[in-house]
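Peer 1: Structure, please.
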Amino acid sequence: MSSAFLPILLLAVALSACQSSSSTNNQSESGNQPKSLAATAKRASHDETAVATNDFLIIPGERVGPIKPTTSEAELLRLLGPSVVTAGDTIYGAEGAELIGTTLYEGTSDEVQIIYADEKRTKPETIRIRPKLVDDEGLPIPNVAPSRWTTADGLRIGTTLKELEKRNGKPFKVWGFEWDYGGMVSNWQGGKLTPSNKKSFISIGLGAPVIRIPAQEKAYTKLMGDSEFLSSDEAMKILNPTVVSLSENF
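Peer 2: All right, here's what the predicted structure looks like:
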């Protein structure tokens, strides 16, 4: 081999080595990219789930926690998981009506019933927060935790009649107890809680204390049936029921 040809050969070998190293690096970067993207997606999914499982804020007309007017049952399963979501549920309404629904946090103080407008469960129509506070025999469940659902201004399960009247700024009307619509607020009488529009309306249901002293028991019997009673009624003040359900209609 001539001495003139040797530098050319060494240059070719060097160029080949550089190309091989570049190719290896590119393959390494290419191989790592999908793993990096997968890890990012996994973190994003975890963060989204964490936000959803800690969201108990009610914004009338917009959402109830992670439930929005377009949130399907499948989306709730993805966000919250089967331990929270009871899929394919049947919700029982007034007069024994069977409704298409999904339940969240079943059997707890955070229980929510979602009634869908379609069989595919893609269009939430009514969201009912109805925590399980008593057992099958009607006795209070001991040591039950307070429900975490609340509006921005603090309206929640457990709010008393007296507090509602103070919030409203005046007495309001309530349906009598012991029938399908028993304890529902029927008319805010033009007070501060009167809904400004149907989209921001929350239906509120009141319930009598499970354990009642004799005076409350006597008051309760006066407040039964499908008649309206003012919150300022003496029997209603003695009973002082509390909020046991909150309903949002999309």
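Peer 1: switch to C-alpha atoms for all contacts and neighbour counts from now on
Peer 2: Noted.
Peer 1: separation between the most centrally placed residue in the chain and residue 165?
Peer 2: Nearest to the centroid of the C-alpha atoms of the chain, with distances taken as Cα atoms, centre = their mean, sits residue 65, at 4.0 Å. Residue 65 is 26 Å from residue 165, where distance means Cα to Cα, to the nearest Å.
Peer 1: Got phi/psi on residue 116?
Peer 2: Torsion angles at residue 116 (phi, psi; degrees, to the nearest 10) stand at phi -100, psi 150.
Peer 1: got the residue ranges for the strands in the protein?
Peer 2: 57-59, 63-64, 85-92, 98-104, 112-116, 124-129, 150-151, 173-175, 185-187, 202-207, 228-230, 242-249 (DSSP state E).
Peer 1: Please verify my assumption that residue 139 contacts residue 210.
Peer 2: Yes. Counting by Cα atoms under 8 Å, residue 139 does reach residue 210; the two are 7.1 Å apart.
Peer 1: how about the strands of the chain, which one is nearest residue 70?
Peer 2: strand 124-129 (6.8 Å; Cα to Cα).
Peer 1: now for the closest one, which elements pack on it?
Peer 2: strand 112-116, strand 242-249 (3 or more Cα pairs under 8 Å, 6 or more residues apart in numbering; DSSP states H and E).
Peer 1: out of those, deepest packed?
Peer 2: strand 112-116 (a mean of 24; mean count of other Cα atoms under 10 Å).
Peer 1: which residues are contacting it?
Peer 2: Residues from elsewhere that reach strand 112-116 (Cα atoms under 8 Å, 6 or more residues apart in numbering): 91, 99-106, 122-131.
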